[in-house]
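Trainee: Give the three-dimensional model of this entry:
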Amino acid sequence: MRDLDVLLKIAVDQYRRILDAFDALERPLGQGEHKVLRERVEALEIFQADARENDQLLLAKVEGGRMPPRVLSLVREYRDLLEAVAERNRDLLNKARVHQALVAAEMAEIKGNKTALAGYRMPT
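Mentor: Alright, predicted model coming up:
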């Protein structure tokens with residue numbers, strides 16, 4: 001099994017990549033670039049799965065034990081990154097909901113316009 005130091009360093013790196021992936025979602029989400037958005041979400045999901053796996057190893061390593069003083073700075077950095085990821089996740093979720101509402105409104109408007117146009121007949 002890996003050392004606690006190594007697992008924490010891996011976790012810190014993984015959560016930095018997740019934050020970078022969140023940043024990469026901003027532009028395509030705001031501009032409605034669905035293909036790019038889908039690709040970046042897939043990459044994010046891979047990063048999250050890797051982090052989840054490492055977190056399980058980390059949890060098994062620290063469960064019921066004391067943290068050695070040498071890893072306390074890594075633990076603080078890890079905790080700070082977890083908080084940052086949670087905050088960014090909330091922000092992106094709110095932006096995604098707004099985008100979803102805008103798309104739904106546009107679709108409703110298009111449907112209404114289509115229905116209105118269907119009522120017009122060309123003179124014969």
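Trainee: tell me the mean pLDDT for the top helix by length along the chain?
Mentor: What stands out as the longest helix in the chain, according to DSSP state H, is helix 72-118. On average, the pLDDT along helix 72-118 is 86.
Trainee: same check, this time on stretch 9-18
Mentor: On average, stretch 9-18 scores 98.
Trainee: Same check on stretch 32-45?
Mentor: 90.
Trainee: Now do the SS call for Met67.
Mentor: Following DSSP: H, G, I helix; E, B strand; the rest coil, the label given to Met67 is coil.
Trainee: what's the closest non-adjacent residue to it?
Mentor: Residue nearest to Met67 in three dimensions, not counting chain neighbours: Val75, with 6.1 Å by CB to CB, 6 or more residues apart in numbering. For glycine as for every other residue, the C-beta is placed from the backbone atoms N, C-alpha and C.
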